[in-house]
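Colleague: Sharing a model that was predicted from the sequence below.
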Amino acid sequence: NAGVTQTPKFQVLKTGQSMTLQCAQDMNHEYMSWYRQDPGMGLRLIHYSVGAGITDQGEVPNGYNVSRSTTEDFPLRLLSAAPSQTSVYFCASKLRQGVMNTGELFFGEGSRLTVL
Amino acid sequence: GQQVMQIPQYQHVQEGEDFTTYCNSSTTLSNIQWYKQRPGGHPVFLIQLVKSGEVKKQKRLTFQFGEAKKNSSLHITATQTTDVGTYFCAGRGNFNKFYFGSGTKLNVKP
(Lines give C-alpha, C1' and ligand atoms only; values in the text may rest on other atoms or scores of the structure.)
Protein backbone atom coordinates (compact mmCIF):
# COMPACT_ATOMS: atom_id res chain seq x y z
CA ASN A 1 0.00 0.00 0.00
CA ALA A 2 1.24 3.47 -0.87
CA GLY A 3 -0.91 5.15 1.83
CA VAL A 4 -1.68 8.82 1.11
CA THR A 5 0.05 10.25 -1.96
CA GLN A 6 0.27 13.96 -2.64
CA THR A 7 1.50 15.68 -5.78
CA PRO A 8 3.29 17.88 -6.48
CA LYS A 9 5.74 18.09 -3.56
CA PHE A 10 6.80 21.61 -4.49
CA GLN A 11 5.14 24.31 -6.58
CA VAL A 12 5.78 27.99 -7.27
CA LEU A 13 2.90 30.06 -8.62
CA LYS A 14 2.38 33.64 -9.60
CA THR A 15 -0.46 35.62 -8.09
CA GLY A 16 -3.68 34.91 -9.96
CA GLN A 17 -2.63 31.54 -11.36
CA SER A 18 -4.70 28.45 -10.70
CA MET A 19 -3.58 24.97 -9.80
CA THR A 20 -4.73 21.70 -8.31
CA LEU A 21 -3.04 19.78 -5.54
CA GLN A 22 -3.68 16.08 -5.94
CA CYS A 23 -4.34 13.62 -3.13
CA ALA A 24 -4.94 9.91 -3.50
CA GLN A 25 -5.24 7.13 -0.93
CA ASP A 26 -5.37 3.38 -1.44
CA MET A 27 -6.65 2.38 2.00
CA ASN A 28 -10.38 2.63 1.18
CA HIS A 29 -10.79 5.45 3.69
CA GLU A 30 -14.16 7.19 3.72
CA TYR A 31 -12.84 10.39 5.28
CA MET A 32 -10.39 12.69 3.51
CA SER A 33 -9.29 16.19 4.39
CA TRP A 34 -6.95 19.03 3.51
CA TYR A 35 -4.94 21.06 6.00
CA ARG A 36 -2.58 23.96 5.65
CA GLN A 37 0.36 24.39 8.00
CA ASP A 38 1.82 27.80 8.69
CA PRO A 39 4.56 28.64 11.24
CA GLY A 40 3.15 29.00 14.75
CA MET A 41 -0.40 28.19 13.65
CA GLY A 42 -0.48 24.44 13.64
CA LEU A 43 -2.65 22.64 11.11
CA ARG A 44 -5.83 24.33 9.97
CA LEU A 45 -8.62 22.41 8.28
CA ILE A 46 -9.53 23.70 4.82
CA HIS A 47 -12.10 21.21 3.52
CA TYR A 48 -13.07 17.66 4.30
CA SER A 49 -15.16 14.84 2.87
CA VAL A 50 -16.87 11.90 4.57
CA GLY A 51 -17.43 10.00 1.34
CA ALA A 52 -17.72 10.22 -2.43
CA GLY A 53 -19.98 13.08 -3.46
CA ILE A 54 -19.90 14.73 0.00
CA THR A 55 -17.70 17.67 0.94
CA ASP A 56 -17.82 20.31 3.65
CA GLN A 57 -15.92 23.38 4.75
CA GLY A 58 -13.35 23.50 7.51
CA GLU A 59 -11.88 26.48 9.36
CA VAL A 60 -10.24 28.27 6.41
CA PRO A 61 -12.09 27.34 3.17
CA ASN A 62 -11.94 30.69 1.35
CA GLY A 63 -9.96 30.57 -1.89
CA TYR A 64 -10.09 26.78 -2.16
CA ASN A 65 -12.43 24.32 -3.86
CA VAL A 66 -12.68 20.56 -3.51
CA SER A 67 -14.62 17.69 -5.02
CA ARG A 68 -14.85 13.99 -4.22
CA SER A 69 -15.93 11.99 -7.24
CA THR A 70 -14.26 8.76 -6.07
CA THR A 71 -13.35 7.26 -2.71
CA GLU A 72 -9.64 7.37 -3.60
CA ASP A 73 -9.14 10.96 -4.77
CA PHE A 74 -9.64 14.36 -3.13
CA PRO A 75 -8.09 17.19 -5.15
CA LEU A 76 -7.71 20.72 -3.79
CA ARG A 77 -8.11 23.57 -6.27
CA LEU A 78 -6.78 27.09 -5.96
CA LEU A 79 -8.71 29.15 -8.50
CA SER A 80 -6.73 32.39 -8.21
CA ALA A 81 -3.63 32.02 -6.06
CA ALA A 82 -2.70 34.75 -3.58
CA PRO A 83 0.53 35.23 -1.57
CA SER A 84 -1.48 34.49 1.60
CA GLN A 85 -1.88 30.93 0.31
CA THR A 86 1.86 30.30 0.55
CA SER A 87 1.96 27.35 2.90
CA VAL A 88 2.58 23.65 3.31
CA TYR A 89 -0.51 21.63 2.46
CA PHE A 90 -1.25 18.21 3.91
CA CYS A 91 -3.87 15.75 2.82
CA ALA A 92 -5.07 13.30 5.47
CA SER A 93 -7.47 10.38 5.44
CA LYS A 94 -9.00 7.96 7.91
CA LEU A 95 -11.49 5.21 8.32
CA ARG A 96 -14.90 6.02 9.68
CA GLN A 97 -14.58 5.95 13.47
CA GLY A 98 -15.61 2.62 14.88
CA VAL A 99 -14.94 0.11 17.62
CA MET A 100 -12.12 -1.58 15.71
CA ASN A 101 -10.15 1.47 14.76
CA THR A 102 -8.73 4.51 16.50
CA GLY A 103 -9.80 7.01 13.87
CA GLU A 104 -6.22 8.09 13.34
CA LEU A 105 -5.48 10.44 10.51
CA PHE A 106 -2.95 9.23 7.93
CA PHE A 107 -1.09 12.14 6.38
CA GLY A 108 0.57 12.53 3.03
CA GLU A 109 4.09 13.90 2.84
CA GLY A 110 2.91 17.42 2.09
CA SER A 111 2.99 19.90 -0.78
CA ARG A 112 4.98 23.08 -0.34
CA LEU A 113 3.37 25.93 -2.26
CA THR A 114 4.88 29.37 -2.80
CA VAL A 115 2.81 32.15 -4.37
CA LEU A 116 4.82 35.13 -5.62
CA GLY B 1 -15.51 28.95 16.73
CA GLN B 2 -13.87 25.99 18.34
CA GLN B 3 -10.27 26.46 19.38
CA VAL B 4 -7.58 24.25 20.78
CA MET B 5 -4.76 26.10 22.49
CA GLN B 6 -1.42 24.42 23.07
CA ILE B 7 1.48 25.50 25.26
CA PRO B 8 4.35 26.01 25.31
CA GLN B 9 5.19 26.91 21.73
CA TYR B 10 8.83 25.87 22.15
CA GLN B 11 10.72 23.79 24.68
CA HIS B 12 14.45 23.26 24.82
CA VAL B 13 15.64 20.54 27.20
CA GLN B 14 18.83 18.72 28.00
CA GLU B 15 18.78 15.05 27.15
CA GLY B 16 17.43 13.15 30.16
CA GLU B 17 15.15 15.96 31.33
CA ASP B 18 11.37 15.61 31.28
CA PHE B 19 9.02 17.44 28.92
CA THR B 20 5.32 18.29 29.07
CA THR B 21 2.97 19.94 26.58
CA TYR B 22 -0.59 21.00 27.37
CA CYS B 23 -3.75 21.41 25.31
CA ASN B 24 -6.89 23.29 26.26
CA SER B 25 -10.13 23.45 24.33
CA SER B 26 -12.82 26.08 24.54
CA THR B 27 -15.48 23.36 24.25
CA THR B 28 -15.93 19.74 25.28
CA LEU B 29 -14.24 17.29 22.94
CA SER B 30 -15.50 13.87 21.95
CA ASN B 31 -11.91 12.65 21.85
CA ILE B 32 -8.37 13.95 21.54
CA GLN B 33 -5.49 12.66 19.48
CA TRP B 34 -1.76 13.35 19.64
CA TYR B 35 0.61 13.51 16.70
CA LYS B 36 4.36 13.92 16.28
CA GLN B 37 5.95 15.68 13.33
CA ARG B 38 9.67 15.29 12.77
CA PRO B 39 11.48 18.24 11.14
CA GLY B 40 10.62 18.27 7.43
CA GLY B 41 8.15 15.44 7.85
CA HIS B 42 4.45 14.90 8.16
CA PRO B 43 2.37 14.38 11.31
CA VAL B 44 2.29 10.81 12.58
CA PHE B 45 -0.39 9.50 14.93
CA LEU B 46 0.67 8.66 18.47
CA ILE B 47 -2.51 7.93 20.42
CA GLN B 48 -6.19 8.69 20.93
CA LEU B 49 -7.92 9.36 24.26
CA VAL B 50 -11.68 9.03 24.51
CA LYS B 51 -12.78 8.67 28.13
CA SER B 52 -12.96 11.38 30.75
CA GLY B 53 -9.88 11.19 33.01
CA GLU B 54 -8.19 8.63 30.77
CA VAL B 55 -4.45 8.04 31.16
CA LYS B 56 -2.43 6.03 28.65
CA LYS B 57 1.28 5.22 28.53
CA GLN B 58 3.58 4.38 25.67
CA LYS B 59 7.03 3.60 27.06
CA ARG B 60 8.35 7.01 28.22
CA LEU B 61 5.24 8.92 27.01
CA THR B 62 2.22 9.51 29.26
CA PHE B 63 -0.99 10.96 27.86
CA GLN B 64 -3.87 12.34 29.95
CA PHE B 65 -7.39 13.49 29.09
CA GLY B 66 -9.04 15.83 31.58
CA GLU B 67 -12.14 15.00 33.56
CA ALA B 68 -14.16 17.63 31.72
CA LYS B 69 -12.77 16.46 28.35
CA LYS B 70 -11.52 19.97 27.64
CA ASN B 71 -7.81 19.55 28.29
CA SER B 72 -5.05 17.06 27.71
CA SER B 73 -1.34 16.67 28.29
CA LEU B 74 1.60 14.71 26.95
CA HIS B 75 4.53 14.04 29.27
CA ILE B 76 7.84 12.56 28.15
CA THR B 77 10.10 11.17 30.84
CA ALA B 78 13.87 11.32 30.35
CA THR B 79 13.90 12.80 26.87
CA GLN B 80 16.16 11.43 24.16
CA THR B 81 17.42 13.07 20.96
CA THR B 82 14.98 10.87 19.03
CA ASP B 83 12.12 12.78 20.72
CA VAL B 84 12.97 15.93 18.73
CA GLY B 85 10.02 17.22 16.73
CA THR B 86 6.76 19.09 17.04
CA TYR B 87 3.94 17.56 19.07
CA PHE B 88 0.36 18.38 18.17
CA CYS B 89 -2.88 17.67 19.91
CA ALA B 90 -6.02 17.38 17.80
CA GLY B 91 -9.44 17.63 19.35
CA ARG B 92 -12.41 16.15 17.60
CA GLY B 93 -15.43 18.39 17.73
CA ASN B 94 -18.69 18.08 15.90
CA PHE B 95 -19.22 16.78 12.40
CA ASN B 96 -15.88 15.07 11.82
CA LYS B 97 -13.84 18.24 12.28
CA PHE B 98 -10.45 17.90 13.91
CA TYR B 99 -9.04 21.05 15.52
CA PHE B 100 -5.27 21.00 15.87
CA GLY B 101 -3.35 22.89 18.48
CA SER B 102 -0.52 25.13 17.32
CA GLY B 103 2.03 22.54 18.39
CA THR B 104 4.97 22.42 20.79
CA LYS B 105 8.38 22.26 19.17
CA LEU B 106 10.75 20.14 21.27
CA ASN B 107 14.51 20.45 20.94
CA VAL B 108 16.71 18.05 22.90
CA LYS B 109 20.36 18.86 23.48
CA PRO B 110 22.63 15.82 23.72
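Modeller: Received it, and whenever you're ready, just let me know what you need. Numbers count the residues shown, from 1 in each chain, chains lettered A, B, ... in the order given.
Colleague: Please, where are all the strands along the chain?
Modeller: Here I'm looking at chain A. With strands called from DSSP state E, chain A shows them at A:4-7, A:10-13, A:19-25, A:31-37, A:43-51, A:54-57, A:64-66, A:76-78, A:87-94, A:106-107, A:111-115.
Colleague: not quite, I wanted chain B
Modeller: Assigned by DSSP E, the strands in chain B fall at B:4-7, B:10-14, B:19-25, B:31-37, B:44-49, B:55-58, B:61-65, B:71-76, B:85-92, B:98-100, B:104-109.
Colleague: tally of neighbours for the residue lying closest to A:Lys9 once chain neighbours are set aside?
Modeller: Nearest in space to A:Lys9, with sequence neighbours left out and distances taken as Cβ to Cβ, 6 or more residues apart in numbering or on different chains, is A:Ser111 at 6.0 Å. All C-beta spots, glycine's among them, are computed from the backbone N, C-alpha and C. Other residues near A:Ser111 come to 23 when the count uses other Cβ atoms under 10 Å in any protein chain shown.
Colleague: is it true that A:Ser111 touches A:Val4?
Modeller: No - if you go by Cβ atoms under 8 Å, A:Ser111 and A:Val4 don't touch, sitting 11.6 Å apart.
Colleague: Any residue of the helix or strand bottoming out on mean pLDDT in chain B touching chain A?
Modeller: Ranked by mean pLDDT, DSSP states H and E, the weakest helix or strand in chain B is strand B:98-100, scoring a mean of 89. Yes - using Cβ under 8 Å from any Cβ of the partner chain, strand B:98-100 reaches chain A at B:Phe98, B:Tyr99, B:Phe100.
Colleague: for the last one, what are its contacts?
Modeller: In this case it means B:Phe100. A:Tyr35, A:Gly42, A:Leu43, A:Arg44, A:Leu45, B:Val4, B:Tyr35, B:Phe88, B:Cys89, B:Ala90 (Cβ atoms under 8 Å, 6 or more residues apart in numbering or on different chains).
Colleague: Likewise for A:Thr7?
Modeller: A:Leu21, A:Gln22, A:Ser111.
Colleague: let's go with 10 Å and repeat that
Modeller: For A:Thr7, the contacting residues are A:Thr20, A:Leu21, A:Gln22, A:Cys23, A:Ala24, A:Gly108, A:Glu109, A:Ser111, by Cβ atoms under 10 Å, 6 or more residues apart in numbering or on different chains.
Colleague: Surely the last one and A:Pro75 touch.
Modeller: No - contact between A:Ser111 and A:Pro75 fails when scored by Cβ atoms under 10 Å: they sit 11.4 Å apart.
Colleague: Wait, B:Tyr99 touches A:Arg44, no?
Modeller: Yes - using Cβ under 10 Å, B:Tyr99 is in contact with A:Arg44, at 8.8 Å.
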